[in-house]
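Engineer: Just need the structure, nothing else, for what follows:
(3 chains, ligands or ions: 1)
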Amino acid sequence: MCLAIPGRIVSLDPDEPGEATAEIGGVRRRVNVDLLREEGVGPGDWILVHVGFALSKVGEEEAREQLRLLAMLGEDGVPEPDPGGGEGGDPDATY
Amino acid sequence: MRHIDVYRNSDLIAGLLGRIRRQVDPARTYRIMEVCGGHTHAFHRFGLPDLLPSNVELIHGPGCPVCVLPRGRIDQGLAMAEEPGVILTAFGDMMRVPGTLGSPLRARASGRDVRAVYSPIDALRLAEANPDRRVVFFAIGFETTAPATALTVLLARRKRVENVSVFCNHVRIVPALEALLAPPGAGLDGMIGPGHVSTVIGSLAYEFIPRDHGIPVVVSGFEPLDLLQAVLLLIERINEGRADLVNAYRRAVPDGGNAAALAAMDRVFEERDSFEWRGLGRIPWSALRLREEFADLDAERWFPPPDAGDGAPDDSPCGRVLRGLMRPTSCPLFGGECSPEHPIGALMVSSEGACAAYHAYRRGEPAAT
Amino acid sequence: MSRLPRSPIIEMADGAGGKASRRLVEGTIVPLLGDAWKGTLADSAVLDIGPGRLAMTTDAFVVRPLRFPGGSIGELAVNGTVNDLAMAGAGPVALVAALVIEEGTAVETVEAELRALGEAAGRAGVPVVGGDTKVVEHGKGDGLYVSTTGLGRVLEGVALGPDRVREGDRVLLSGPIGDHGITILLARGEVDLEADLRSDSRPVWPLVRPLLEEDPGAVRWLRDPTRGGVASALNELARDRGLAVVLEEAAIPVREPVRGACELLGLDPLHVANEGQFLAVVAPGAADRLLDRLRSIPGGEGAAIVGTLREGPARAVLAETPYGGTRIVDLLEGDPLPRIC
Ligand code: SF4
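Structural biologist: Residues are numbered from 1 along each chain as shown, chains lettered A, B, ... in the order given. Purely as a prediction, here's the structure:
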């Protein structure tokens, strides 16, 4: 019902509080992070972006937890992957 | 891409599918509703429905803001574009959606200034760049999108931008679910809770579903592994007869939601006592409008609309699909009179619409009941 | 050496056929085309082209903005047309170009595009043998429209077309998709995104020719997936031929920023336009050899075998996911629009 995608904060805008630049799969966009001011965000944090606004922080610990569970559920002895799997600007990355 | 690719891991997907196959009881069916159109789209995009056991039936819910918008509201928005000096901005999703007199794209083709934007902020920037024009933002979306509109309104106020206004069509998910689940209901065994709206309202918002309606809810993300995990958790619960609420999208969804987002919405919007939904009819307290304080930024006060809609749940095929009572492929118009080139209902044009998803990804599948 | 018309902007008189017109054509256009210009300014070009089959194509170019990372309208106007010839198995022989300029457009802009057109023609090895210029009133055009018509000679022994395609044939793709369409989308500035991305605009004949020479009979169908992307090109084939095209989703090369932009804007890379790639349907037995050949050519390193022709479901394009799911890849209705749902 709403497309949102994880991105990483590159920098906070020093002139406009609440504005940041985020990188989302090799694309940069200005993102409003005002809704996360209580938790506080900074460069390197992963956020979930919807229509140019950050809605929540992507929790690394929770992600790892879920992947651990998923690896276990499969029961096929698949090694537990890292949330960053597949990352890295490989120019020939497939989709 | 981090936090995406790993949830498309083939080995894990295969493992989870195996687990699901072992868990299903062949003697029964599992009617699972994915509330969110984004989930519908994702299921099809990743080719998952074919991989699930055939007695797991996915029912599409009303979580597509474009599909539930009555045609009268689209007509109203397009009427605003007729006013002199107006630039009508809308999300790309809206551009092909038909009102009674055509779509925003058609209005553009006949000379109206209608533009697609990615963010409400882009509409505000457009207003700043065109001080001699009046920019109307056709706001749609559930509580996921409403905070973005709210912050944009507050920003417009702070920057004293006066030539921008919001045509507010924001709707609330919980009243829609209540309407859907109210007797006679759609005969569901479980529900996949929408993911992104929950970042704002929190997963706890669905507590009433297991409690009052006796079916389990699993809040899920949008990647193949998220979706399969939700299906598995639901099947386990349905087998055990356990109705509870699980937040399986913890990496993004806090149980309590986003307080700042809720506060921004509360600051800018108030609930309408009633709003018409396509297919579901009028639902009390199900939509938002700008508070009196922001009347100067409210497009409905710039251009007061005529009263529209009689409020009866419509019994058109679209309405039945939206309520989970009929599959798109069972609609007599599907693929013939109604197609993406000549859509009759928004369900056929919105990328999240169940009919569009079936048409795009599952054409040729025998019509099921 | 370019003698500017007296005004820094184009005026109606420049296209009226009088003195100003002549000054524009002789003083600006012809010199800027440089060595690529082989015309005479007579009403028609007369070509001596010898025996063989000819291919002829025409295309009109409208693009906003006129310049974008990795290309511009002048360059596209050459590459687009020579690529259409290449898809018929033809090397370019001659090109004519028509410009429709909006009154008020900076002369500088027109000059830059003419230079780009001349250089692109040089790179593609095709002479420009004639042209025309018209000026339309201010507000009646997007600065500049270019239309080009190309003539090409079909390589001997080549027979291409949907009727030659057989079940079991493989689909070859020349490189990563979506670069052009996403570059243009970002260059328009409407979605406020930035990425290190360039249009893939280039002539593909240098990649196609060696394949055809290697084994003319094994190459059965060629198409450049421009507007509507790979999905549209293959859907047309599937419909024309009554077969299914089954893509292996994981094999389709897509660069990271294109993927990122598509995820963010809810687009499918298969629907995004390309200006420097081509699809080839080839005989199954020759596929690996032709792929190796393509990869050995500079600019062909990113090529991949991405799919197979199957009997059914007839007239459809399917994508198979690595975990065994399939979905239908449909035609796109109109232009890709960013979506939020
Ligand atoms: S096929 Fe068309 S008319 Fe039928 S339910 Fe879907 S959108 Fe409505």
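Engineer: burial count for residue 67?
Structural biologist: Let's take chain A. Residues contacting A:L67 under the criterion other CB atoms under 10 Å in any protein chain shown number 21. Bear in mind the C-beta positions are built from the backbone N, C-alpha and C, glycine included.
Engineer: I was thinking of chain B, sorry if that wasn't clear
Structural biologist: By other CB under 10 Å, 30 other residues sit near B:C67.
Engineer: C:P322 too?
Structural biologist: For C:P322, using other CB under 10 Å, the count is 16.
Engineer: Assign a three-state SS to whatever residue of the stretch 251-369 of chain B ends up closest to chain A, would you?
Structural biologist: Going by CB to the nearest CB, chain A is nearest to B:R251 of the stretch 251-369 of chain B, at 4.1 Å. Under the three-state scheme (DSSP: H, G, I helix; E, B strand; the rest coil), the conformation of B:R251 reads as coil.
Engineer: how close does it sit to A:E62?
Structural biologist: Distance of B:R251 to A:E62, computed by CB to CB, to the nearest Å: 4 Å.
Engineer: Between those two, which is the more surrounded one?
Structural biologist: When B:R251 and A:E62 are compared for neighbours, B:R251 comes out ahead with 25 against 18, by other CB under 10 Å.
Engineer: does the more buried one really touch A:L69, like I thought?
Structural biologist: No - at 11.7 Å, B:R251 does not count as touching A:L69 under the criterion of CB atoms under 8 Å.
Engineer: quick one on the thing from earlier: where does the residue of the stretch 251-369 of chain B closest to chain A fall, phi/psi-wise?
Structural biologist: Dihedral pair for B:R251: phi -60, psi -20, per degrees, to the nearest 10.
Engineer: Could you check which residue of chain B lies nearest chain C?
Structural biologist: Taking CB to the nearest CB, chain C has its nearest neighbour within chain B at B:G47, 2.4 Å off.
Engineer: near chain B at all, the longest strand along chain A?
Structural biologist: The longest strand of chain A (DSSP state E) is strand A:5-12. Yes - Strand A:5-12 reaches chain B (CB under 8 Å from any CB of the partner chain) through A:5-6, A:8.
Engineer: Could you check that strand and say which residues are buried?
Structural biologist: For strand A:5-12, the neighbour count (16 or more other CB atoms under 10 Å in any protein chain shown) marks A:5-9 as buried.
Engineer: sorry, back to before: restrict the residues of strand A:5-12 next to chain B to those that also contact chain C, please.
Structural biologist: A:I5.
Engineer: quick check, nearest of the residues of strand A:5-12 next to chain B to C:A124?
Structural biologist: C:A124 lies nearest to A:I5 out of the residues of strand A:5-12 next to chain B, by CB to CB, at 38.9 Å.
Engineer: From the ligand, how far out is the closest one?
Structural biologist: Going from A:I5 to the ligand by CB to the nearest ligand atom, to the nearest Å gives 27 Å.
Engineer: quick one: pLDDT of that residue?
Structural biologist: Reading off the confidence values, A:I5 has pLDDT 92.
Engineer: do A:D82 as well
Structural biologist: 75.
Engineer: Setting the sequence-adjacent residues aside, check what's closest to it.
Structural biologist: The shortest distance from A:D82 to any non-neighbouring residue, by CB to CB, 6 or more residues apart in numbering or on different chains, is to B:V6 (6.9 Å).
Engineer: Report the secondary structure state of that neighbour.
Structural biologist: Secondary structure, three-state DSSP: B:V6 is helix.
Engineer: Now B:V114: closest residue in space, sequence neighbours ignored.
Structural biologist: B:R108 (4.1 Å).
Engineer: do the same with C:G324
Structural biologist: Using CB to CB, 6+ apart, the closest residue to C:G324 is B:L51 (6.3 Å).
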